[in-house]
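# Requesting a structural model of the entry that follows:
(one chain, ligands or ions: 1)
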Amino acid sequence: MTTLRSIPPRVTWITGSGPVRRHVMFCLGAGMIYGMTAAIMAHSAWLGLISTGVFWLLLGCMAATFLLFFTLVRSGWSQRFEDPVLAFPHGMVSILIIVLAYVLIGEYRGDTIILLAQAVAVAMFRLRPRQCLLLGGWAALCVSLAQFGLVWSGAPGFSWQRGLTHFTVSAVSLMALAVVAMWISAMRVRISRQADELRQTLVQAQALATTDMLTGLLNRRAMTDQLEAELARVSRSGDPVCVALIDIDHFKKVNDHYGHRMGDEVLRAFAALAQGDLRQVDQLGRWGGEEFLLMMPHVDATQAWVAVERLRNRIAAHPMGDSGTLVVTISAGLAQFSPGESLDRWIERADQALYQAKQAGRNRTLIAETPPATTSTPVPAQPTARGPAPVVRLQPSSP
Ligand SMILES: Nc1nc2c(ncn2[C@@H]2O[C@H](COP(=O)(O)OP(=O)(O)OP(=O)(O)O)[C@@H](O)[C@H]2O)c(=O)[nH]1
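Reported below is the predicted structural model:
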């Protein structure tokens, strides 16, 4: 099936792109109806049912109306309105042309009545319920005025009885159509509102699925996605990238002495401070409990160490809690990605470095020694894959 996305460039030139395209397609639909009406009129003129002059006049009116609305929509000018298709004014002008045909066609004018219903039917897919009613009323008003004029001017072959029949037929069918149009329009508005709500819910659900509710940071799952994406990138570019596992020291004591509420407050404060301290490209996520994972693209271990140390000093210098007297420290284990290693292995090296940092007295950042590259092919994360224990080179936090 040919979709709008796959239409060739020559057609795109006519339809435009983006939101304009959808609106132009509606205009082109109306243009097709004009075309079919013109064909029926041409056939009637050929049979001698309507005069050639009237045919050309009506054809000119239809072509001018179509071109005017097509230009307004295709140029994007109509985008400023609530209905960029301009269905309401377009419907009003179409009804005027149909009524003009009703007046000019003569003996067979009754056949044009059905076109009024068609104009309202086409527009109803774009109009609000009130506009549907107004358009139906506009059609009834125009027909009755035309009939009044025909009776008053004594048009040949037209009597008030015939006019009354036409009016009744058009009024009844327009009324019925206006009611259906209002119903469809109300349903359309409801569906569009529900679609908006659904979109919002989806955005919220996505946020919930990727965000840690306490700190507002990425959760472990989202962080893992980021790490995998980064691994795919660096395996192509060969760029350095580091991770740091950061753990709040003696966090259990914070909970035990000050309560869980304060513990939560410390976690939130750490997240806020860290985010304010990092570069835009760095990604920080809550890895679990009081442990955080920081990914730092484009930097090697030495540069990353400087950044983590800056963060460590900042945390240590920032008293937390209601009274502003609680000072917490952090320990961090840092590992630079070695081409060819798995995600698990990489994180595990950082974890080992963190463990060593804790063992060495906490409040410090240690770098895991980077093993030699094994292959340039990326190795996907294997939850069960475990390599030999990583070597951790202890590096004091303050030279
Ligand atoms: N308030 C709060 N506490 C948490 C949360 N998640 C984990 N914890 C607590 O964090 C504490 C972690 O304690 P430990 O694993 O013993 O670590 P620690 O006390 O920080 O000791 P070291 O890491 O060795 O410095 C536990 O008491 C957990 O209950 C949380 O979301 N909020």
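# on contacts alone, who are the packing partners of the longest helix seen in the chain?
Longest helix in the chain, counting residues (DSSP state H): helix 160-210. Contact partners of helix 160-210 among helices and strands, from 3 or more Cβ pairs under 8 Å, 6 or more residues apart in numbering; DSSP states H and E: helix 113-123, helix 129-153, helix 220-237. C-betas here are computed from N, CA, C, even on glycine.
# State the mean pLDDT of that helix.
Helix 160-210 comes out with an average pLDDT of 86.
# what's the answer for stretch 254-267, then?
When pLDDT is averaged along stretch 254-267, the result is 93.
# Compare the helices and strands packed on helix 160-210 and report which one is nearest to residue 60.
Nearest of the helices and strands packed on helix 160-210 to residue 60, taken as Cβ to Cβ: helix 113-123 at 17.0 Å.
# Could you tell me the angle between that closest one and helix 160-210?
For helix 113-123 and helix 160-210, the angle between their directions (axes from the mean of the first three to the mean of the last three Cα atoms, to 10 degrees) works out to 10 degrees.
# Can you give the contact residues for helix 113-123?
With contact meaning Cβ atoms under 8 Å, 6 or more residues apart in numbering, helix 113-123 is reached by 29-30, 33, 37, 87-88, 90-91, 94-95, 98-99, 101-102, 131-132, 135-136, 139, 143, 166, 169-170, 173-174, 177-178, 181.
# Any quick ChimeraX command for the buried ones out of those?
Selecting the buried subset of the contacts of helix 113-123 in ChimeraX, with 16 or more other Cβ atoms under 10 Å as the burial test, is done by:
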select :30,33,37,87,88,90,91,94,95,98,99,101,102,131,132,135,136,139,143,166,169,170,173,174,177,178,181
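# SS state for the closest residue to the ligand within the chain?
In the chain, the residue that lies nearest the ligand is residue 263 (2.5 Å; Cβ to the nearest ligand atom). The three-state label for residue 263, taken from DSSP: H, G, I helix; E, B strand; the rest coil, comes out as helix.
# and the closest residue to it other than its chain neighbours, what element?
Closest residue in space to residue 263, ignoring its immediate chain neighbours: residue 255 at 4.2 Å, by Cβ to Cβ, 6 or more residues apart in numbering. Using DSSP states H and E, the element containing residue 255 is helix 251-258.
# that older thread, hey, which of the helices and strands packed on helix 160-210 is tucked in deepest?
helix 113-123 (a mean of 20; mean count of other Cβ atoms under 10 Å).
# So what's the gap between that one and the chain middle?
Mean C-alpha position of helix 113-123 versus that of the full chain (Cα atoms, centre = their mean, to the nearest Å) differs by 34 Å.
# for stretch 127-142, same thing?
Using Cα atoms, centre = their mean, we find the averaged C-alpha position of stretch 127-142 to lie 33 Å away from the chain's own average C-alpha position.
# Equivalent analysis for stretch 101-111, please.
Going by Cα atoms, centre = their mean, the spacing between the C-alpha centre of stretch 101-111 and its chain's C-alpha centre is 49 Å.
# That one: end-to-end distance?
Distance between the boundary residues of stretch 101-111 (Cα to Cα, to the nearest Å) amounts to 10 Å.
# Give me the residues contacting it.
Stretch 101-111 has contacts (Cβ under 8 Å, 6+ apart) with 44, 49-51, 54, 57-58, 112-113, 115, 143, 146, 149-150, 155-158, 162, 165-166, 169.
# which residues of this protein score low on pLDDT?
Of all residues in the chain, those with pLDDT under 70 make up the ranges 1-11, 373-399.
# picking that back up, what's the burial count for the residue of the chain closest to the ligand?
Residues within reach of residue 263, counting by other Cβ atoms under 10 Å, total 20.
# Let the chain start at 537 from now.
Happy to do that; since the first residue is 537 now, the last one works out to residue 799.
# What residues does it make contact with?
Per Cβ under 8 Å, 6+ apart, neighbours of residue 799: 787, 790, 791, 826.
# same question, residue 825
Counting by Cβ under 8 Å, 6+ apart, the residues that residue 825 touches are residue 787.
# gap between it and residue 800?
Applying Cβ to Cβ, to the nearest Å, the value for residue 825 to residue 800 is 12 Å.
# Which residues does the strand or helix carrying residue 607 contact?
When elements are defined using DSSP H and E, residue 607 is found to belong to helix 588-610. In this structure, residues lying in contact with helix 588-610 by Cβ under 8 Å, 6+ apart are 550, 552, 556, 559-560, 562-564, 566-567, 570, 573-574, 577-578, 580-581, 614, 620-622, 625-626, 629-630, 633, 636-637, 640-641.
# ok, 7 Å please
552, 556, 559-560, 563, 566-567, 570, 573-574, 577-578, 581, 614, 620-622, 626, 629-630, 633, 636-637, 640-641 (Cβ atoms under 7 Å, 6 or more residues apart in numbering).
# From the chain's centroid, how far away is it?
Relative to the centre of its chain, helix 588-610 is centred 37 Å away, using Cα atoms, centre = their mean.
# domains of this protein?
As assigned by automatic domain parsing, the chain contains the domains 540-736, 756-929.
# Out of the ones you listed, flag the one nearest residue 744.
Nearest to residue 744 among the domains of the chain is domain 756-929; the distance by Cβ to Cβ comes to 10.8 Å.
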